[in-house]
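J.: from the sequence below, what's the structure:
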Amino acid sequence: MRNSLVICAAIATFVSSAAAAVDCNPSYNVPPSTTCFTNCNIQTGQKWVPGWTMDHTSPLFLDSLALMCNKAGPNYMNFMTNAGMCMAKCTGDDPDLFTAEFTAACAWWNKHKNDSFTVSICPTATDSFCQPGFRGKKNGRGPEGACCSHSDDCQESCIKGKCNAPIATTCYTGSEGRGNGDGYNGACCETSDDCWESCVKGKCNGPSLATCDIGFIGKKTGKGPKNSCCNSNRDCKNSCVKGKCD
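T.: Coordinates of the predicted model:
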C-alpha cells in the first residue's frame with residue numbers, strides 16, 4: 001500500500017529522533033468504547049496474539065483485529081466468548097458503546113486487512129519494531145529481530161524485547177535426535193533426518209524461521225498461504241515443501 005511506503009520513508013528520514021511517531025494505520029478513526037471493555041479485549045487477546053492491542057499505531061493492530069473480526073478464524077469464538085464473559089463484569093458501562101466500536105472496527109478491518117504494513121517492510125527503521133509470533137512461546141525458535149519476553153523465546157538471547165543474532169557456534173533445541181525432519185536453519189541436529197534439509201556440523205541448514213510466516217505452523221487448519229512456515233501438508237492450503245507452504 002502507498003501509505004506503508006510513505007510511512008517507511010518517514011521513519012528512515014527521522015529515525016535519529018527518539019520522538020518520531022509512527023502510525024501504522026493512519027486511516028483508522030473509530031472512537032473507543034470504555035476502558036473496561038478495552039481491557040477485557042486486551043486481556044483475552046494476549047492468549048492468541050501476544051501484544052494484542054487496540055492501538056491503531058501499532059504494527060500488531062491488524063493481527064489483533066483479525067482475532068476479533070475474522071469469524072472464520074480458528075480462535076474467533078473462543079476470543080469472543082472469553083471477552084464477553086469479562087465484559088459482563090463491566091457494570092455501569094453501556095454495551096452499545098462496545099457494539100458501535102466493534103461494528104466500525106471490523107468494517108475498517110475488512111477493508112484494510114490486506115494492507116501491507118508489516119515489520120518486514122521497515123526491518124531496520126527503528127529498534128521498536130520486532131517480528132511477532134515468538135514472544136512468550138519459550139520454544140527457543142525466535143530468530144534475530146523476533147519479539148521476545150525471555151531468552152527462552154530466542155535462538156540466542158532476548159535483549160530489550162528483541163532476539164539477538166545466534167552465535168555461530170550455538171544452535172537451538174527441539175529437533176535434535178528426533179528424526180522428524182522439522183529442523184529449520186540453526187536447529188541442533190544429530191543427522192539430516194532431524195532437518196528439513198541437511199545437518200552440517202551439528203546444525204541444520206535450509207529454510208529459516210525468519211523468512212516465513214509462523215502463524216500457521218502446527219495448526220493443521222489447511223489454511224497456510226504460500227511461504228507460511230509448516231510442519232506438514234495439513235498446515236497449508238497446498239503442500240508443505242521443506243518447511244514452507246508452496
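
J.: assign a three-state SS to the residue lying farthest from the centre of the chain, would you?
T.: Centroid-distance maximum for the chain: Gly92 at 34.4 Å, with C-alpha atoms, centre = their mean. Secondary structure, DSSP: H, G, I helix; E, B strand; the rest coil: Gly92 is coil.

J.: so how far is Pro132 from it?
T.: Distance from Gly92 to Pro132, counting by C-beta to C-beta, to the nearest Å: 34 Å. Any C-beta I mention is one placed from the backbone N, CA and C, and that applies to glycine too.

J.: swap in Ser58?
T.: Relative to Pro132, and taking C-beta to C-beta, Ser58 is found at 10 Å.

J.: list residues touching both of the two?
T.: Gly51 (C-beta atoms under 8 Å, 6 or more residues apart in numbering).

J.: after the helix or strand of the chain with the lowest mean pLDDT, next one along is what?
T.: Lowest by mean pLDDT, DSSP states H and E among the helices and strands of the chain is helix 2-14, with a mean of 39. Using DSSP states H and E, the helix or strand that follows helix 2-14 in sequence is helix 35-45.

J.: what residues does that following helix touch?
T.: 32, 52-54, 64, 67-68, 79, 82-83, 86-87, 89-90, 93, 97-98, 101.

J.: among those residues, which are in helices?
T.: The helices, defined by DSSP state H, take in Ser64, Leu67, Met68, Phe79, Asn82, Ala83, Cys86, Met87, Leu97, Phe98, Glu101 from these.

J.: identify the residue spatially nearest to Cys40, adjacent ones excluded.
T.: Cys86 (3.6 Å; C-beta to C-beta, 6 or more residues apart in numbering).

J.: would CSV of the ones in helices among the contacts of helix 35-45 with neighbour count and distance to Phe216 be doable?
T.: Converted to CSV, the ones in helices among the contacts of helix 35-45 look like this (neighbours: other C-beta atoms under 10 Å; distance: C-beta to C-beta, whole Å):
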residue, neighbour count, distance to Phe216
Ser64, 23, 18
Leu67, 22, 14
Met68, 23, 19
Phe79, 20, 18
Asn82, 17, 22
Ala83, 21, 23
Cys86, 17, 28
Met87, 20, 29
Leu97, 14, 34
Phe98, 23, 30
Glu101, 19, 29
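
J.: and stretch 27-41, end to end?
T.: Stretch 27-41 has an end-to-end distance of 22 Å (criterion: C-alpha to C-alpha, to the nearest Å).

J.: now do that stretch, average pLDDT.
T.: Averaged over stretch 27-41, pLDDT sits at 91.

J.: show me the contacts for Ala165.
T.: Glu144, Glu156.

J.: tell me how far it lies from Ile159.
T.: Per C-beta to C-beta, Ala165 is found 10 Å from Ile159.

J.: ok, now Thr53?
T.: Counting by C-beta to C-beta, the separation of Thr53 from Ile159 is 22 Å.

J.: who has more neighbours, these two?
T.: Thr53 (19 against 12; other C-beta atoms under 10 Å).

J.: surely the more buried one is in contact with Leu62?
T.: No. Between Thr53 and Leu62 there is no contact under C-beta atoms under 8 Å: 10.4 Å.

J.: okay, now the domains of the protein?
T.: 2-121, 130-169, 171-208, 212-246 (automatic domain parsing).

J.: what about the shortest one, average pLDDT?
T.: It stands for domain 212-246. Computed over domain 212-246, the mean pLDDT rounds to 83.

J.: buried stuff in that domain?
T.: The neighbour-count check on domain 212-246 (16 or more other C-beta atoms under 10 Å) flags 212-217, 219-220, 223-224, 228-231, 233, 235-236, 240, 243-245 as buried.
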